[in-house]
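Trainee: dropping a prediction and its sequence here:
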Amino acid sequence: MNDTTDPLTVDHDAEDAALRDHRREAAKVTRIALLFAVPFVLMLIAVIVAFIWSSQRDASSAARLAATSASSATAPVPADNKDAEIARLRSQIAALQQGQSVSAIPVTPGTSAYTDPNALAQISARLDRVEANQRALARAAAAANAAAALQQAARNDGPFLAQLGVVERSIDDPALIALLRPHAEKGVPSEVSLAIEFPQYAAKAHIAAASAANKNGVLERIGQMLNISVRRTDGEDQGPDGLLHSAESRLNAGDLRGAVAFVNRLPAPAQPSLKPWLDKAQARLSVDDAIHRLTETTLARLSQGGEAAASAETGAVL
């Protein structure tokens, strides 16, 4: 026996299934809408409640303020205060009629002392002094920093023209850097370079001094050389080689000024050989001395500027 399916029954079942699916989708959409709508409604309720509470608070504050103003307005002024005010006004009128200065009238507690023109002028002058001292202090600090940078640059063999220009713009006395200008473009040899170059110049000076002293024969020359070799060890030889050795020792110890002093004591025949080196050494000493004076001057100005600024600020406090 074959199963037969009624087409009407099949259509009815399909419609029921579609209706159920539609109801499920509608229920799902409704739940989602409720999930989003509930927080919004709660937030709206909170805003409305806050607005109502704020309005009530403002109304109560306004009522209290009005009550306070009314009580203040209706409060009677003591008769004693009125009499005192009338007496004070009468005394001021009498003083004006007699030609007295307004400043002679007693200042009431509510009157500011800064209405006095003399006091205002004094305050303005003190503030001007404070500002001027601050500007001077800043300029002194800039000059001290520029001098330190110049000192660092001039220690080497290279030029220091740029650093000198900065210093020149920050100082008031051009004489402080007059000795530095001739050497700024090319620079001067450092103490290390002078110590390295000295032996070759000393050898030439030794030969020149020996040639001048050896006119009495070969034996005297040999005796002189032997005598020189012994005197070098005790450091007390006043001959050319002893002086050259002492100068080299001073250079190795970092005492350029002491080395130059020994070189200047050499006999005349040895001087021409060392003149190029001596000129460079003198230039180095001149630059170092000028920078030392410049640094001391700028530091002194900085110290004085700091003290003046502190004194002016203390005096400006009333």
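Mentor: Received it, and whenever you're ready, just let me know what you need.
Trainee: low-confidence ranges, the stretch 101-250 of the chain, go.
Mentor: By pLDDT under 70, the weakly predicted segments of the stretch 101-250 of the chain are 101-115, 213-237.
Trainee: helices of the stretch 51-200 of the chain, start to end?
Mentor: 79-97, 117-154, 161-170, 181-184, 191-213 (DSSP state H, counting those that start in this stretch).
Trainee: with mean neighbour count and distance to residue 260 added, can I get those in TSV?
Mentor: All C-beta spots, glycine's among them, are computed from the backbone N, C-alpha and C. Formatted as TSV, the helices of the stretch 51-200 of the chain follow (neighbours: other C-beta atoms under 10 Å; distance: least, C-beta to C-beta, whole Å):
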stretch	mean neighbour count	distance to residue 260
helix 79-97	11	83
helix 117-154	16	18
helix 161-170	17	24
helix 181-184	16	17
helix 191-213	17	10
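Trainee: kindly reformat those helices as JSON lines containing distance to residue 287.
Mentor: Putting these into JSON lines (distance: least, C-beta to C-beta, whole Å) gives the following:
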{"stretch": "helix 79-97", "distance to residue 287": "74"}
{"stretch": "helix 117-154", "distance to residue 287": "6"}
{"stretch": "helix 161-170", "distance to residue 287": "10"}
{"stretch": "helix 181-184", "distance to residue 287": "6"}
{"stretch": "helix 191-213", "distance to residue 287": "11"}
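Trainee: out of those helices, the one nearest residue 19 is which?
Mentor: Residue 19 lies closest to helix 117-154 among the helices of the stretch 51-200 of the chain, at 90.5 Å (C-beta to C-beta).
Trainee: my guess is residue 305 contacts residue 142, does it?
Mentor: No - counting by C-beta atoms under 8 Å, no contact exists between residue 305 and residue 142, whose distance comes to 10.9 Å.
Trainee: for residue 25, find the nearest of the helices of the stretch 51-200 of the chain.
Mentor: helix 117-154 (79.8 Å).
Trainee: how far away is residue 269 from residue 287?
Mentor: 30 Å (C-beta to C-beta, to the nearest Å).
Trainee: counting neighbours, go ahead and name the busier of these two.
Mentor: Comparing residue 269 with residue 287 by other C-beta atoms under 10 Å, the one with more neighbours is residue 287, at 22 against 16.
Trainee: other SSEs contacting the helix or strand that that one is a member of?
Mentor: Using DSSP states H and E, residue 287 sits in helix 271-315. Identification of packing neighbours for helix 271-315 by 3 or more C-beta pairs under 8 Å, 6 or more residues apart in numbering; DSSP states H and E yields helix 117-154, helix 181-184, helix 191-213, helix 256-264.
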